[in-house]
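> sequence? don't have it. structure:
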Ligand SMILES: Nc1ncnc2c1ncn2[C@@H]1O[C@H](COP(=O)(O)OP(=O)(O)OP(=O)(O)O)[C@@H](O)[C@H]1O
Ligand SMILES: O=P(O)(O)OC[C@H]1O[C@](O)(CO)[C@@H](O)[C@@H]1O
Ligand SMILES: [Mg+2]
């Protein structure tokens with residue numbers, strides 16, 4: 001759904017209240033039968049007071065408001081509804097995972113299967129192998145609570161994943177031919193763009209097929225939601241690499257530890273890992289340009305830190321300084337199968353440049369160790385907090401699909417589970433705002449320079465500007481750096 005999409009459901013209420021609603025079968029299929037929700041008689045849930053979500057419950061995107069300000073954008077609250085649009089025996093659900101790996105993928109798969117089975121008595125669930133292109137293959141895996149019982153203890157995805165290869169018409173043909181009527185799609189921004197066009201095609205064909213997304217990205221660059229699953233686990237695991245770098249750096253004369261962490265366009269993992277560790281002297285992220293030589297540059301800062309402390313730790317997000325690396329290595333821009341820019345190894349480049357610099361200074365011997373734990377971090381199983389989070393996201397998606405909602409992603413907004421229309425998730429991405437408080441906290445904890453080259457007019461101007469909030473975006477007081485920027 002693009003922003004000018006005729007299917008967007010925007011409902012206006014009093015005092016500037018706006019509901020950005022998600023599509024429902026009843027929007028395009030008339031006279032559908034409904035059934036009482038089985039959870040009514042489920043012993044585990046029937047004791048819960050007010051277990052069903054009120055049809056009018058919505059969640060505000062903005063929680064910090066002013067007395068006379070508009071109530072702003074809201075999303076539909078996730079959760080079980082009194083009525084469902086499927087009989088248990090009629091459901092054939094499928095699950096697919098696409099894009100890069102992320103801790104928690106298996107937990108989400110597990111909880112969709114278990115949620116469908118234990119809450120709604122649905123026992124026909126299949127897994128599509130190897131991302132979107134798996135829809136064209138005959139191979140699927142039958143998913144039962146028994147099959148998925150302990151998969152949350154493993155990293156990766158039992159279904160495999162891939163980039164590229166999305167053919168909407170072929171995917172919808174495959175869904176239709178197999179009789180699938182609930183599709184759970186777990187992936188990042190690219191995947192959800194793919195899910196959105198699948199939903200459009202399903203709707204164009206008037207099929208009663210629910211398309212539900214569960215946003216995944218280790219980089220935490222998905223807008224609107226509080227955080228993406230796996231991010232917490234990644235930050236925690238990154239501590240091990242940073243600790244190792246610190247131990248190595250401390251143990252050597254002029255020891256320098258360089259750690260590269262994931263973050264293609266957004267430096268959230270690097271920023272949070274740095275803030276959590278406190279052993280990091282410098283954190284480099286894609287959003288904050290830096291330079292090496294001259295006054296206020298990185299090399300000068302390294303010299304100063306070594307002089308003062310005898311060692312230092314540098315954390316760099318993989319997407320940091322890409323312009324510098326590509327310029328100095330004179331490499332062509334390359335893309336992966338999904339069209340994402342392939343990054344140069346900034347950690348390796350940085351390590352060479354630091355060694356070259358001190359190599360030219362005859363009186364300073366340095367000991368530099370470069371640690372690249374990126375794929376080791378991405379491959380771990382999710383931690384306890386992400387496991388619970390994944391469970392709730394999966395259950396939200398299941399409740400939504402059973403209730404007849406479609407074309408939505410499940411997502412946590414201000415601590416509440418919601419259904420968000422695809423376009424809100426795919427139209428922008430979340431980046432660290434370097435004029436925001438969280439980045440200031442980081443700068444004050446590392447004491448690194450801001451690297452704002454006074455010659456670079458653009459950067460200086462950009463940072464002098466007050467934060468411009470697009471309509472409906474979170475403000476700095478509540479977002480703590482989770483402001484979405486147009487991509
Ligand atoms: N605009 C689009 N329309 C249809 N399909 C798309 C689109 N963009 C990406 N896809 C498909 O989505 C899948 C995953 O995309 P991508 O490789 O960009 O990963 P992602 O979901 O963004 O996850 P991450 O970036 O976190 O690894 C691929 O199969 C790709 O072909
Ligand atoms: O090597 P791959 O699988 O293309 O994945 C690398 C990218 O995937 C991500 O982890 C996002 O999923 C990025 O941080 C990283 O740049
Ligand atoms: Mg992506």
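Perfect, thanks for sending it. As the structure is a computational prediction, the values presented were derived from the model and not from experiment. Ligands and ions are numbered 1, 2, ... in the order given.
> what sits against the residue nearest the centre of the chain?
In the chain, the centroid-proximal residue (C-alpha atoms, centre = their mean) is residue 217; its distance is 3.2 Å. Contact analysis of residue 217 by C-beta atoms under 8 Å, 6 or more residues apart in numbering lists 99-100, 102, 188-189, 228, 230-231. C-beta: built from backbone N, CA, C; applies to glycine.
> inside strands: which ones of the residues you listed?
In this view, the contacts of residue 217 have no member that belongs to strands under DSSP state E.
> so which of those also contact ligand 2?
The subset of these within reach of ligand 2, by C-beta under 6 Å from any ligand atom, is 99-100, 188.
> from those residues, pick the one nearest residue 179.
Nearest to residue 179 among those: residue 99, at 26.6 Å, using C-beta to C-beta.
> possible to save the contacts of residue 217 as CSV with distance to ligand 3, neighbour count and pLDDT?
Listed next are the contacts of residue 217 as CSV, based on distance: C-beta to the ion, whole Å; neighbours: other C-beta atoms under 10 Å; pLDDT from 0 to 100:
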residue, distance to ligand 3, neighbour count, pLDDT
99, 6, 24, 97
100, 7, 22, 97
102, 11, 31, 97
188, 4, 25, 96
189, 4, 25, 94
228, 11, 27, 96
230, 13, 30, 97
231, 14, 24, 97
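> can I get the residues you listed in a markdown table with distance to residue 311?
Converted to a markdown table, the contacts of residue 217 look like this (distance: C-beta to C-beta, whole Å):
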| residue | distance to residue 311 |
| --- | --- |
| 99 | 37 |
| 100 | 33 |
| 102 | 33 |
| 188 | 36 |
| 189 | 38 |
| 228 | 34 |
| 230 | 31 |
| 231 | 29 |
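> out of these, which sit inside helices?
Here DSSP state H is the test, and the contacts of residue 217 give 189, 231 as lying in helices.
> from residue 341, how far out is the residue nearest to the centre of the chain?
To residue 341, residue 217 is 16 Å away according to C-beta to C-beta, to the nearest Å.
> what of residue 281?
Taking C-beta to C-beta, one finds residue 281 at 29 Å from residue 341.
> for residue 401, same thing?
34 Å.
> elements contacting the helix or strand encompassing residue 393?
Residue 393 belongs to helix 384-402 when assigned by DSSP states H and E. Packing partners of helix 384-402 (3 or more C-beta pairs under 8 Å, 6 or more residues apart in numbering; DSSP states H and E): helix 105-114, strand 182-187, strand 210-215, helix 231-250, strand 408-413, strand 416-421.
> dump these into CSV; add distance to residue 441 as well.
Shown next, in CSV, are the helices and strands packed on helix 384-402 (distance: least, C-beta to C-beta, whole Å):
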stretch, distance to residue 441
helix 105-114, 30
strand 182-187, 31
strand 210-215, 26
helix 231-250, 15
strand 408-413, 23
strand 416-421, 26
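> okay, residue 401 and residue 341: which has more neighbours?
Neighbours per residue (other C-beta atoms under 10 Å) separate residue 401 from residue 341, with residue 401 holding more: 29 against 14.
> show me where the stretch 151-300 of the chain has its helices.
For the stretch 151-300 of the chain, the helices defined by DSSP state H, counting those that start in this stretch occupy 168-178, 189-204, 231-250, 268-277, 298-309.
> deepest of the ones you listed, which one?
Of all these, helix 268-277 carries the top mean neighbour count, a mean of 24, counting by mean count of other C-beta atoms under 10 Å.
> many thanks, have a good one.
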